[in-house]
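Engineer: Predicted coordinates and the sequence they were generated for:
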Amino acid sequence: MIEVVKAGLETGVQDFPGRYGFWEQGFPPSGPFDMWSFRLANLLVGNADDAAGLEIQFLGPTLRFESETLIALTGATMAPTLDGVPMPQWESVAVPAGAVLETGFASTGARTYLAVAGGIDTAPVLGSRSTFHMAGVGGMEGHALKDGQRLPLGDRAGAGRPGRRVRADCRPPIPAGKEWRIEVVAGPNDDWIDEAGQHMFLESAWTLQARSNRTGYRLSGPEWTFAARATDKGPEHGEHPSNILDHGYPVGAVNLCGQTPIILVNDGPSAGGFINPFTVPSAAFWKLAQSKPNDVYRFDLVSVADAQAERQRIDALCAEASLEDAG
């Protein structure tokens, strides 16, 4: 077991790839927001790719380990200590029984991932241990961790060992600054935005609002302009140019609610009545996950083929060849 001494800010159980096959019933995929960092953490401790771990947001928890184990922290920098001694990130670390892990504020990045040998062994819900906070399913009874809870661990059967680390060139390059280049592909409703509106989106700076979470990332920026089909349409599509007959939303959709673009992420809705002119591909989600409110996004248009190639590149990096001895 792991005892939660202090829960931190919305620390939750997640597994990769998440909860698939139930979106039509209102359950999104969930899973780790930065799947690249999450998978590397599992790799370090010898877990299977789908073992459950912790996603730690902005302010980390304090945890006590009841038995000796092997852990790894990846993602955002949170100045972790183990029994008061600074602990390296991106490296597998042996933990003695009774040891206390403390994590602080995220300095570079926003979300840190903790993997423990054997994985977190909470009960699966609809095939996944991932926490979907809005519906209260998965994880520790479907919500963020609370002080005093105890997390069960699975049997340590992997090949992980202490003193291994992720090569620097195989990690997500989380920047220290506040500006991000985010890839998008066109569609599915790009033809509802006129040419000037599309250029505006791609050439403007967009600020991430504080009212953002694992459901949607709200952006502030210039006003949109619309194509004729958005203004000259049947009443079934709704009054505002951004309204459309209810249809399915892709994960990563840049959902235009009036004049406010909202990027629908891991816990986003499956359908609705707003247009989605662009979509952020899964290979760029780690950037969304590691950004903070008031960070600035600039979007780069890429082809579907390029987006798929980048996802394949990341998948290939989540492999044994990305590890080395810490020396």
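Structural biologist: Perfect, thanks for sending it. Quick caveat: nothing in here was measured; it's all calculated off a predicted structure.
Engineer: Now the longest helix along the chain: average pLDDT?
Structural biologist: As far as residue count goes, and with DSSP state H defining each element, the longest helix of the chain is helix 304-317. Per-region confidence: helix 304-317 scores 98 on mean pLDDT.
Engineer: wait, what's in contact with residue 163?
Structural biologist: Remark: with contacts taken as Cβ atoms under 8 Å, 6 or more residues apart in numbering, residue 163 is in contact with 91-92, 325-326. Just so you know, the C-beta spots here come from the backbone N, C-alpha and C atoms, and that holds for glycine as well.
Engineer: out of those residues, who's nearest residue 46?
Structural biologist: Compare each of those with residue 46 using Cβ to Cβ and the shortest gap goes to residue 92, at 8.1 Å.
Engineer: Any stretches of the stretch 151-300 of the chain with poor pLDDT?
Structural biologist: Screening the stretch 151-300 of the chain residue by residue with the criterion pLDDT under 70, one finds the ranges 157-159.
Engineer: all strands for it, in order.
Structural biologist: 164-166, 179-186, 206-208, 216-220, 243-248, 253-257, 260-264, 271-279, 296-301 (DSSP state E, counting those that start in this stretch).
Engineer: okay, the fourth one in PDB with CA atoms only?
Structural biologist: The C-alpha trace of strand 216-220 is given here as PDB (Å, rounded to 0.1, in the frame of the first residue of the first chain):
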ATOM      1  CA  GLY A 216     -11.400  21.400 -22.000                       C
ATOM      2  CA  TYR A 217      -8.700  24.100 -22.500                       C
ATOM      3  CA  ARG A 218     -10.300  27.500 -23.000                       C
ATOM      4  CA  LEU A 219      -8.400  30.000 -25.000                       C
ATOM      5  CA  SER A 220      -8.500  33.800 -25.200                       C
END
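Engineer: Next, the angle from that strand to strand 260-264.
Structural biologist: 150 degrees (axes from the mean of the first three to the mean of the last three Cα atoms, to 10 degrees).
Engineer: Need the residues that contact strand 216-220.
Structural biologist: 206-209, 211-212, 255, 260-265, 268, 288, 297.
Engineer: how distant is that strand from the center of its chain?
Structural biologist: From the chain centre to the centre of strand 216-220 is a distance of 15 Å (Cα atoms, centre = their mean, to the nearest Å).
Engineer: Run a quick neighbour tally on residue 127.
Structural biologist: 13 (other Cβ atoms under 10 Å).
Engineer: now do residue 232
Structural biologist: Burial of residue 232, expressed as a neighbour count using other Cβ under 10 Å, amounts to 8.
Engineer: cool, and residue 42?
Structural biologist: 28.
Engineer: same deal with the one 10 residues further on?
Structural biologist: Close neighbours of residue 52, defined as other Cβ under 10 Å, add up to 29.
Engineer: who touches it in this structure?
Structural biologist: Neighbouring residues of residue 52 by Cβ under 8 Å, 6+ apart: 13-15, 119-122, 129-130.
Engineer: quick one: which of the residues you listed sit in helices?
Structural biologist: Members of the contacts of residue 52 lying in helices (criterion: DSSP H): none.
Engineer: Can you give the contact residues for the longest helix of the chain?
Structural biologist: Residues from elsewhere that reach helix 304-317 (Cβ under 8 Å, 6+ apart): 36, 40, 170, 183, 185, 281-284, 286, 302.
Engineer: what residues go with each domain of this structure?
Structural biologist: If you go by automatic domain parsing, the domain ranges for the chain are 2-170, 179-315.
Engineer: Mind putting the ones you listed into TSV with distance to residue 321?
Structural biologist: Listed next are the domains of the chain as TSV, based on distance: least, Cβ to Cβ, whole Å:
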stretch	distance to residue 321
domain 2-170	8
domain 179-315	12
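Engineer: Most tightly packed of the ones you listed?
Structural biologist: Among these, judged by mean count of other Cβ atoms under 10 Å, the one packed with the most neighbours on average is domain 2-170 (a mean of 20).
Engineer: From the chain's centroid, how far away is that one?
Structural biologist: Taking Cα atoms, centre = their mean, one finds domain 2-170 lying 12 Å from the centre of the chain it belongs to.
Engineer: What's the end-to-end length of that domain?
Structural biologist: With Cα to Cα, to the nearest Å as the measure, domain 2-170 spans 29 Å from end to end.
Engineer: start the count at 890, not 1, going forward
Structural biologist: Shifting the count to begin at 890 puts that one at domain 891-1059.
Engineer: can you tell which of the strands of the stretch 1040-1189 of the chain is closest to residue 1038?
Structural biologist: Closest of these to residue 1038 is strand 1105-1109, at 27.5 Å (criterion: Cβ to Cβ).
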